[in-house]
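Asks: need a 3D model of the sequence below.
(2 chains)
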Number of protein chains: 2
Amino acid sequence: MQKKPMQNVKALFFDVFGTMVDWRSGVAREAERLLAPLGHHLDWLAFADAWRAEYQPGMEEVRSGRLPFARLDVIHRRMLERIRPSFGLQGVEESVLQMLNLAWHRLDAWPDVPPGLHRLRTRFLLAPVSNGNISLMVDLARRNDFRWDAILGAEIAGDYKPKPGVYLAAAEAFSLRPEQCMMVAAHSNDLQAAAGTGLHTAHVARANEFGQDAGETAPTVPVDIAAASFQDLADKLEV
Amino acid sequence: MQKKPMQNVKALFFDVFGTMVDWRSGVAREAERLLAPLGHHLDWLAFADAWRAEYQPGMEEVRSGRLPFARLDVIHRRMLERIRPSFGLQGVEESVLQMLNLAWHRLDAWPDVPPGLHRLRTRFLLAPVSNGNISLMVDLARRNDFRWDAILGAEIAGDYKPKPGVYLAAAEAFSLRPEQCMMVAAHSNDLQAAAGTGLHTAHVARANEFGQDAGETAPTVPVDIAAASFQDLADKLEV
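Replies: All right, here's what the predicted structure looks like:
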């Protein structure tokens, strides 16, 4: 089955939004915390879903070359501007919008992530290879006690996943060949792109990422490992 | 005295070689470990000094634009090639040279560094802003238990200190203004350049960096803090 021996894997790269942190409930919570006291009464989960729905179009402007690279904080703000009118948020003050935009810095990990990551660290170098910018990754790491060896990903590469250069820049930063690295994600398109650059891949099921039973319970592409959780991933990597 | 209030400082940036790790004894030890069994009997400390003496000329080729950016591992190898003949090392095999070149990944921290860094982490974001490449910083961090929020510095900036862009790229990666950051180093030229970009600065005395009593015992330029050790720096920052 496996063309590349897994015992050569030295580093694990992690997708973050959805795979490690629950963006949906976190963004809904932060939006309610900031906007409810100002008299706004939205369907907070629908607001989080609408904001996230602008994610791929927002990044595609950069991936396609139509707009120059900008960090995800900037893209998140553009996405927010697109959905504001639909939620009656035209009148919200700039200072509140800036705090709201940082909702993505204040998300909580799925419960299996911190203990799983702790085990994985004993044998592998660990880095996020996320589309999130460095300061966003730093804030999530401090909040959730993720212990990274380095922050890699889009801001290092100057482009967004699933462009191949993002995965290759991460391997290069660790002075490793692609086959010495493994991408871990809850999204098959991310893993398919990573595998295309020569990385090993591990899928982690997040059945409720987009709401109850709305998430990938299994990969739709070939992967080296399909895991039910970060603890299961550590088991399967025999850590 | 101070133009910029220090209570705004959110992040500390660290020089690494000399300031945090003792490169001289470490490179001497690694060279002896690899070369003595092959029958070489050098003055190992003189060898370390000679290798390090090529450091500024090696980086200047990049800073001046004469050569494109290459990570420090590559520069270290060029430097090694320049000094090999003087030490009778022309006949050493390529595989040994590659291991020798990684001596810089296997250096030990000055004893005050791990406990001082641990204290500083409770109040500040911490990152190396070194000329060392990411994988080099990762190896030193694993060996010495440095807990970084991110690995910043030359490889992120695509240029070498003391070029201003290296300090500014580090502040930008943390989404901070220069005056919210403080550069910590044992070298006045590094601190002078950092201050020129608007960063706060702290000097740490390393009296024996280049051998007994051969190191900066005090800064030769104005700094915000002059400390005797990382523990003293934590005291002076009231952590």
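Asks: contacts and neighbour counts: CA atoms only from here.
Replies: Noted.
Asks: and the strands in chain A, which stretches?
Replies: With DSSP state E as the definition, chain A shows strands at residue ranges A:11-14, A:125-130, A:152-153, A:181-185, A:200-204, A:225-227.
Asks: ok, residue A:204 - how many residues close by?
Replies: The local packing of residue A:204 (other C-alpha atoms under 10 Å in any protein chain shown) involves 25 other residues.
Asks: same thing with residue A:85?
Replies: Residue A:85 has 11 neighbours, counted by other C-alpha under 10 Å.
Asks: before we move on, what about residue A:115?
Replies: Per other C-alpha under 10 Å, the neighbour tally for residue A:115 reads 13.
Asks: same question, residue A:212
Replies: Residue A:212 - counted by other C-alpha under 10 Å - has 8 other residues nearby.
Asks: could you do the one 10 residues further on as well?
Replies: The local packing count at residue A:222 equals 14, with neighbours defined by other C-alpha under 10 Å.
Asks: show me chain A divided up by domain.
Replies: When chain A is parsed with automatic domain parsing, its domains come out as A:6-22+A:107-236, A:23-105.
Asks: are the first one and chain B in contact anywhere?
Replies: The reference is to domain A:6-22+A:107-236. Yes: part of domain A:6-22+A:107-236 sits near chain B under the criterion C-alpha under 8 Å from any C-alpha of the partner chain, namely A:133-135, A:138, A:141, A:147-151, A:156, A:173-175.
Asks: what is the end-to-end distance of that domain?
Replies: Counting by C-alpha to C-alpha, to the nearest Å, the length from the leading to the trailing residue of domain A:6-22+A:107-236 is 11 Å.
Asks: for the residue lying closest to residue A:213 once chain neighbours are set aside, what are its contacts?
Replies: Nearest-residue entry for residue A:213: residue A:207, 5.2 Å, with adjacent residues in sequence omitted and distances by C-alpha to C-alpha, 6 or more residues apart in numbering or on different chains. For residue A:207, the contact set (C-alpha atoms under 8 Å, 6 or more residues apart in numbering or on different chains) comprises A:213, A:214, A:215, A:216, A:217.
Asks: of those residues, closest to residue A:89?
Replies: Comparing those against residue A:89 with C-alpha to C-alpha places residue A:214 closest, at 27.1 Å.
Asks: distance of the closest one relative to chain B?
Replies: With distances defined as C-alpha to the nearest C-alpha, to the nearest Å, the gap from residue A:214 to chain B amounts to 33 Å.
Asks: okay, now that residue: neighbour count?
Replies: Using other C-alpha under 10 Å, the number of residues around residue A:214 comes to 11.
Asks: neighbours of the nearest residue to it once chain neighbours are set aside, how many?
Replies: Leaving aside its chain neighbours, residue A:214 sits nearest to residue A:208 (5.1 Å; criterion: C-alpha to C-alpha, 6+ apart). Residues within reach of residue A:208, counting by other C-alpha under 10 Å, total 15.
Asks: isn't residue A:208 up against residue A:25?
Replies: No: using C-alpha atoms under 8 Å, residue A:208 is not in contact with residue A:25; the gap is 10.5 Å.
Asks: how far is the lowest-mean-pLDDT helix or strand in chain A from where the chain is centred?
Replies: Taking all helices and strands of chain A together, the one with the lowest average confidence (mean pLDDT, DSSP states H and E) is helix A:55-63, at a mean of 95. Averaged C-alpha coordinates place helix A:55-63 at 15 Å from its chain's average position (C-alpha atoms, centre = their mean, to the nearest Å).
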